[in-house]
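# Here is my input, please return the structure:
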Amino acid sequence: MQVLKKCDCRNRTRCAHLWTVRYREPGGRSGRQREKSFPTKKEAEAFGIKAENDKRSGAYIDPQLGQISLRKWAEEWLAQHQVNESTRRNYQGFLSNHLIPELGSRTLAGLTAADVKKLQTAMTARGLTAATVNDRMNILRSMMTAAVKERRIPDNPCEEMPPLKTAGAAVDPDEIPTLAEVYAIAAAMSDQYRLTVWLQAGAGLRISETLGFSADCQRDGFLRLRRQISAKANQGDCVTRFVPLKHRTAEAFRDVPTPLFLDQEIGVHLKKWGTVELDGLEALFAPRERGKGKMPTASTYGYHWRKALKAAGVVKPDGKPKYTPHSLRHFFASTALANGVPIHEVSRWLGHRNIKTTVDTYGHLMPEAWDRCRDVMQEAIRPSVPRQASETALAA
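The predicted model follows:
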């Protein structure tokens, strides 16, 4: 390691030229020689000492590797990241719409916690929910973690950024339709799409899974789900319509038990409407005439949903729909839990990534748990005192 001035000045201690550190990368004499300049000799020596110490301890980081732009690094990271197609589109949307416009010109080494905060604030200002912002920030955190592992940067600037506080995940009971309302919605729904109401209310399918339903999904007493539809997958060419289930790979599937009435409803639909061959599958909700129109998506289905709710009178005082299609999935989960179906089973049938999601969303909709808790605590603390007598004594 050398500290010198690359000039011809006689008094080098007082000249205005920079001090340069010459050092080698790890590898002894075979390591590449590097140079870095500083305003003062003290700074140059400090850098040189640190570089030598880092080489000895195995912590050396080539500063050139951190000079790659965040735009370029994001592209490389995404190309190397093994995810399913729907997740890849989600990542690409974050890069194109948020990360690159805001921070694409920054270098990896130059990215600071203040830059990360700026991005977080910008996404919030654009109307993204706290949960969505946190999800996008986790993508950036993963990108920077990979950069640390490749020894491009010493630290991850995202680690200093706490996630935004999110609203409680618990579903509002007012967002769950009654049984009478479910029947009313089904009766008012377009005949070709009536089965969608029962698939969601009776088996808890997401609307994207419902519209991607095909004849091979129906088994003896259960449904085997392997795919869903995605608006982003259509690309306007009526060719690509199916994508893997949410949080699942193409090979994964989910089984959901079916009550007798749902098997019957599927049979009625098939008898009246049949199926349409699509990408090698017998689709139930594909266009009746091939080549005309697109595979229905959650967005295009919304027209039929709003029309049905208006006809059924299931609307708010301002005339807007009282529920969304997802409300029928809430109906399935709350009905199952209220009637004693174990929450871990409901979680698996809903296709949640983990049971915590199910507990956070629906745990408060288990009324028997309240009674069970009352009885357990009464028996544990005052087993010989009837509840009514105990309440009377407390009131006195």
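# could you point out which element follows the strand or helix carrying D115?
Using DSSP states H and E, D115 falls within helix 113-125. Once helix 113-125 ends, the next helix or strand along the chain (criterion: DSSP H and E) is helix 130-149.
# which residues are in contact with that following helix?
66, 73-74, 77, 91, 94, 98-99, 108, 111, 116, 119-120, 123-124, 128, 153-159, 161, 163-167 (C-beta atoms under 8 Å, 6 or more residues apart in numbering). Bear in mind the C-beta positions are built from the backbone N, C-alpha and C, glycine included.
# Could you pick out the buried ones from those residues?
66, 73-74, 77, 91, 94, 98-99, 108, 111, 116, 119-120, 123, 128, 153, 156-158, 161, 164 (16 or more other C-beta atoms under 10 Å).
# Please narrow those residues to those residing in helices.
The helices, defined by DSSP state H, take in 73-74, 77, 91, 94, 116, 119-120, 123 from the buried ones among the contacts of helix 130-149.
# Tell me the one among those nearest to Q192.
Comparing these against Q192 with C-beta to C-beta places Y91 closest, at 35.2 Å.
# thought the closest one was touching A79?
No - using C-beta atoms under 8 Å, Y91 is not in contact with A79, being 10.8 Å away.
# Contacts only, for the spatially closest residue to R152 that is not a sequence neighbour.
Nearest residue to R152, sequence neighbours excluded (C-beta to C-beta, 6 or more residues apart in numbering): L65, at 4.3 Å. Going by C-beta under 8 Å, 6+ apart, L65 touches 108, 150-152.
# which of the residues you listed are buried?
Buried members of those, counted by 16+ other C-beta under 10 Å: 108, 152.
# so what are the domain limits for this protein?
Domain segmentation of the chain under automatic domain parsing yields 2-60, 67-160, 173-335.
# Quick one: the ones you listed as a markdown table, columns for mean pLDDT and distance to K356 too.
Converted to a markdown table, the domains of the chain look like this (pLDDT from 0 to 100; distance: least, C-beta to C-beta, whole Å):
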| stretch | mean pLDDT | distance to K356 |
| --- | --- | --- |
| domain 2-60 | 72 | 37 |
| domain 67-160 | 87 | 14 |
| domain 173-335 | 87 | 14 |
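# so can I have JSON lines of these showing distance to G363?
JSON lines is the format used below for the domains of the chain (distance: least, C-beta to C-beta, whole Å):
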{"stretch": "domain 2-60", "distance to G363": "46"}
{"stretch": "domain 67-160", "distance to G363": "18"}
{"stretch": "domain 173-335", "distance to G363": "11"}
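# Which among these is found nearest to E345?
Nearest to E345, of those and by C-beta to C-beta, is domain 173-335 at 9.0 Å.
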